[in-house]
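Predicted model follows, preceded by the sequence.
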Amino acid sequence: DSGVTQTPKHLITATGQRVTLRCSPRSGDLSVYWYQQSLDQGLQFLIQYYNGEERAKGNILERFSAQQFPDLHSELNLSSLELGDSALYFCASSPPWMSSYNEQFFGPGTRLTVL
Amino acid sequence: DQQVKQNSPSLSVQEGRISILNCDYTNSMFDYFLWYKKYPAEGPTFLISISSIKDKNEDGRFTVFLNKSAKHLSLHIVPSQPGDSAVYFCAASGTTAGGTSYGKLTFGQGTILTVHP
């Protein structure tokens, strides 16, 4: 158990809908990262938050948005869903010092299926 | 543009033998490298890491080697055990061209390791 929690574990929805994925980082971690893993793909970085502020953006679609709340939990909002958005979505957190030399600890993921 | 590549989709080894997983990268701004292990239906689990100022790091049965001039790293597992069977991801981070990344990880596609009893 990494200490990172994600809900829900599974989500099935229809095209055009909107969903929210939730992540709680490990106690004490200030950074939250979101990654997407599509079928046969490696993990693709979407976005990073640090203590409530957006820090880095990857290949995140405009239909996707995220935020980090004062209690440090984060939500990833996916709207106007398409079949290709079906994937595993992972959240990770890392220790509070600002450095690229840190391990990221991953949650169990949310499996999104768009029908 | 795939900046981190794991060219072997799968690897099969006998229990007790050495497993060698390889990873190549193209971005010379990467300065920290990690290996993650992933079981089905679980998130990736951190295994071992190495910074660019080193060429080797050991942790128990796991050793990571870094060859900066070749932009290549490898993970050695000795001896391999059936419980090591999983998908192994190589990842890299560092300051990228055009701005800071603050720890964003770039992952390879993964290598499925199967260790036979």
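Alright, I've got the coordinates. Given the structure is predicted, the values throughout are model-derived calculations rather than measurements.

residues from chain A in reach of chain B?
The interface of chain A toward chain B, taken as CB under 8 Å from any CB of the partner chain, is made up of A:2, A:4, A:31, A:33, A:35, A:40-45, A:48, A:50, A:55-56, A:58, A:90, A:92, A:94, A:98-109. Backbone N, C-alpha and C define where each C-beta goes, glycine included.

from those, which ones fall inside strands?
A:31, A:33, A:35, A:44-45, A:48, A:50, A:55-56, A:90, A:92, A:94, A:105-106 (DSSP state E).

now, which of those residues sits nearest chain B?
Nearest to chain B among these, counting by CB to the nearest CB, is A:Phe106 at 3.5 Å.

Show the model's pLDDT score for that closest one.
With respect to pLDDT, A:Phe106 scores 96.

For chain A, give me its nearest residue in chain B.
Counting by CB to the nearest CB, chain B gets nearest chain A through B:Gly43, at 3.5 Å.

Centre-most residue in chain B?
Geometric centre of chain B, nearest residue: B:Cys90, 3.1 Å, by CA atoms, centre = their mean.

pretty sure that one is touching B:Leu21, no?
Yes. Under the criterion of CB atoms under 8 Å, B:Cys90 makes contact with B:Leu21 at 7.5 Å.

what's the overlap in contacts for these two?
Jointly contacting B:Cys90 and B:Leu21 under the rule CB atoms under 8 Å, 6 or more residues apart in numbering or on different chains are B:6, B:35, B:75.

Tabulate those residues in JSON lines, adding columns for pLDDT and secondary structure.
Formatted as JSON lines, those follow (pLDDT from 0 to 100; DSSP: H, G, I helix; E, B strand; the rest coil):
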{"residue": "B:Gln6", "pLDDT": "96", "secondary structure": "coil"}
{"residue": "B:Trp35", "pLDDT": "97", "secondary structure": "strand"}
{"residue": "B:Leu75", "pLDDT": "98", "secondary structure": "strand"}
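
mind listing what the spatially most central residue of chain A touches?
Centroid-nearest residue in chain A, with CA atoms, centre = their mean: A:Trp34, separated by 3.0 Å. For A:Trp34, the contact set (CB under 8 Å, 6+ apart) comprises A:23, A:45-48, A:60, A:66, A:74, A:76, A:89-91.
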